[in-house]
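In: compute the structure for the input listed below.
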Amino acid sequence: MKRAVLLPLILTAACAGASASPPGGAALLAPAARPADAEPARAAQPAEARPPAAPKELSSVLRIADVRRTWGNVAQLLAGTPFGMMLLGPGQMAPEMLLEEALGPALAEVVDLGKPIDAAVLGTERPRLVASLSIPEREMPRLQERFVLKELKEQKGLRGMLRVEGVRETEPEDRALPRVCALDPGERSGSARLICADDVQDLEAAAPYLVQVVGREPLEADARVEVPGRIIVEGVESTPDEDDDSHAGNVGVELVDAFAREIEGVSVDLTWVRPDIEVGFGMRFASRRSPLALAVTPAAPRDAATPPAFFRLPRDTAIAFYSQGASRAELTPLREAFFRGIRDDMVDEGYDAPGLDRFMDRLGALAFTGGPFVIGSGGDRAAADKALAAYQGGKGAPRTRTRKAARGALQSWFLVAVEEPAQAWISGVKELIQLGEELDKKTASAPAAGSAAPAAGATGGAPKGQAAKAGEEEKEITDPVIVRAPAALPAGTLHVELRSRPLTKDAPPAHTSHLYVVPAGQRTWIGFGEDAAAVVERLRVAADPGRDERTLGAAPGVEALRQPGTLAGGLFSLAGWTMLAASGDTPEALDDAANALAGLARLPSRGEISMPFAMTSEVPGSGAARLSARVRVPSAGIHDVLALLMR
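Out: I've put the predicted structure just below:
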């Protein structure tokens, strides 16, 4: 099979979604309304009533709810680690010492490190810090006696604040302060703030925003970093484009650019839930006009339950994910853009345009159709370690065989579940294979401009002249063959073997992957992998109600994933990601995989700690949206991550 047929099989496994009308008459989530081009006009506010705008150079905001508590948690976590020695020093350094060094002893004495501290970072190349610190109410009556204070009237942004010009009752040379600071008395008891910067310009630019905007927002986490959307856009625009002039590559760039422009802000926060840590990630969108924003921010009902198929995944699943899914309407712009880029590239390669249109139409009936889906993957780490050791220790002719064995041992298995009867998938995959074969035959019989007609399959279906022109010839060729399904799987199962063989010296060794489409009542399970026995066994666990004890639902630590109202969720481990990323297709890739797995073996828990996560999405009527994710990192996982970072 050439590219035209291999592509949909990958897509159907990776992008599976239920049809627009699930069985039994149950309605899916109603499509979220597309936002209007402009939000409704708001009543004009007097300039003095509007909250201060963010500084033009603002690159991030850091907030810490309780510096002493956070410092203590960090110190306890890093005790005895290289990170602890690097950040905390050999002695018992305290936050009070750092504050005294930054502001001087007199000002450091009046700051309450048990209350929130907010800091604005200005600029990116040479960042400058403006900090807003809490002053206890008991210190307020004494400030006039201890410091030289001057009311600020000339600087527009600082009106109502008091400039701290020096310390009283000290020697003249000790009165100067290391930072430019201003005091905001606050509107209520206990809300006084001390704002300090390196110069008065930065103080004037950031102080009103820190006090009147940032300081009034609730902070549920222990620490949070917020980055404005402008910085995200600048980062995307400054990223060098890959050397890819394909239509699909250009579509990808356009999708990412449009997505980034809609991001209003990104936040990352930490919450200590001893002995664990919760890491939060949030994105605010000004609108949902771009295809990617529409696809990733559907609104999930508060009572939305985790798809039951998620808990039917095998217990040894290393990476698992579920989603309530966007609606078909919300996915349509993304589906059309994605398929358009692929179609145009394949037309350039010599494929028949009308035939491609039929192919893409059939593919569109399966992929990006909306609704809930579940994905799980895993691998045999012990077998991979053993095969890699044999490969690296081998020499001569046997090395060819050990290379193939090592690559095979690294391959993960995948399971996908959709809430839809299997017949639509079985007939759809069969038709895609047939349409792909017809496309290949037409391509092989149509000569490329300025060259002789290529032999069928010589370059994976692309005309010789065009494939060789950019050095992008296919490295391998894959043929799909429908074969008898194993007796261990339910009747009616579709089994497709994807038989690949190398075309170039640097191609992966010959191998066969297996695709299974398994009926399970009103649900469809799709399994994929090179180890047929491993895939079949896990499909049996997922589809057989009598094997509940071997499913993810019987594993400890998944209770939090049963919480209703989430858009998506799942779990992962460092070992799972490492196995998933290890292709082993080349000798260099095998060496990289061996090094990565050896590094995992040196971690305290070997990277095997499972970390659950959950995502929510809000789509208010204004057309804006918010996407949030929280990851629970167990204490053992924290030490694995720290050890990995210090390698």
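In: determine the set of other helices and strands touching whichever strand or helix holds residue 345.
Out: Residue 345 is located in helix 328-348, with elements delineated by DSSP states H and E. Judged by 3 or more CB pairs under 8 Å, 6 or more residues apart in numbering; DSSP states H and E, helix 328-348 is in contact with helix 3-14, helix 247-261, helix 291-296, helix 353-364. All C-beta spots, glycine's among them, are computed from the backbone N, C-alpha and C.
In: so for the first one, what's the average pLDDT?
Out: The average pLDDT for helix 3-14 rounds to 38.
In: which residues does residue 224 bridge with?
Out: Counting by DSSP bridges, residue 224 forms beta bridges with residue 63, residue 269.
In: meant to ask about residue 119
Out: Beta-bridge partners, per DSSP bridges, of residue 119: residue 62, residue 131.
In: ok, now which ones touch the residue nearest to residue 481 when sequence neighbours are not counted?
Out: Of all residues not flanking residue 481 in the chain, residue 497 sits nearest, at 4.8 Å (CB to CB, 6 or more residues apart in numbering). Each residue near residue 497 by CB atoms under 8 Å, 6 or more residues apart in numbering is listed here: 480-483, 512-515.
In: let's see 6 Å
Out: 481, 483, 512 (CB atoms under 6 Å, 6 or more residues apart in numbering).
In: state whether it is indeed within a strand.
Out: Yes. Assigned with DSSP: H, G, I helix; E, B strand; the rest coil, residue 497 falls within a strand.
In: the residue lying closest to residue 638 once chain neighbours are set aside - how many residues pack around it?
Out: Closest residue to residue 638 apart from its sequence neighbours, by CB to CB, 6+ apart: residue 277 at 5.9 Å. Close neighbours of residue 277, defined as other CB atoms under 10 Å, add up to 20.
In: pull the residues that contact the helix or strand where residue 277 lies.
Out: Residue 277 belongs to strand 276-285 when assigned by DSSP H and E. By CB under 6 Å, 6+ apart, the surrounding residues in contact with strand 276-285 are 262, 264-269, 271, 293, 624-635, 638.
In: which ones among these lie within helices?
Out: Counted as lying in helices by DSSP state H, out of those, are 293, 635, 638.
In: residue ranges with poor pLDDT in the stretch 301-450 of the chain?
Out: 395-397, 444-450 (pLDDT under 70).
In: following element in sequence after the helix or strand hosting residue 181, please.
Out: Using DSSP H and E, residue 181 falls within strand 180-184. As assigned by DSSP H and E, the chain's next helix or strand after strand 180-184 is strand 193-197.
In: what lines up beside that following strand in the sheet?
Out: strand 128-134 (antiparallel), strand 180-184 (antiparallel).
In: do you know which of those lies nearest residue 245?
Out: strand 128-134 (40.4 Å; CB to CB).
In: can you list the buried residues in that closest one?
Out: By 16 or more other CB atoms under 10 Å, the buried positions in strand 128-134 come out as 128-134.
In: which residues does whatever helix or strand comes next after that strand contact?
Out: Where DSSP H and E defines the elements, the next helix or strand beyond strand 128-134 is helix 143-146. Contacting residues not belonging to helix 143-146 are listed as residue 168 [CB under 6 Å, 6+ apart].
In: quick check: next helix or strand after helix 143-146?
Out: From helix 143-146, the next helix or strand downstream (DSSP H and E) is strand 147-151.
In: helices or strands up against that next one?
Out: On a contact count with 3 or more CB pairs under 6 Å, 6 or more residues apart in numbering; DSSP states H and E, strand 147-151 meets strand 162-167.
In: run the angle between the strand it packs on and strand 193-197 for me.
Out: Relative orientation of strand 162-167 versus strand 193-197 (axes from the mean of the first three to the mean of the last three CA atoms, to 10 degrees): 70 degrees.
In: partners of strand 162-167, with directions?
Out: The strands that strand 162-167 pairs with in its sheet are strand 147-151 (antiparallel), strand 180-184 (antiparallel) (by DSSP bridges).
In: just those: most buried one?
Out: strand 180-184 (a mean of 22; mean count of other CB atoms under 10 Å).
In: now it: how far from the chain's centre is it?
Out: 40 Å (CA atoms, centre = their mean, to the nearest Å).
In: avg pLDDT for it?
Out: The average pLDDT within strand 180-184 is 93.
In: so where's the stretch 101-250 of the chain uncertain?
Out: 154-157, 170-175, 241-244.
In: mind redoing it with 90?
Out: 125, 140-142, 144-146, 148, 150-161, 166-178, 185-191, 234-246 (pLDDT under 90).
In: how about stretch 588-608: buried residues?
Out: So, applying 16+ other CB under 10 Å, buried residues of stretch 588-608: 589-590, 593-594, 596-597, 600, 603, 605, 607-608.
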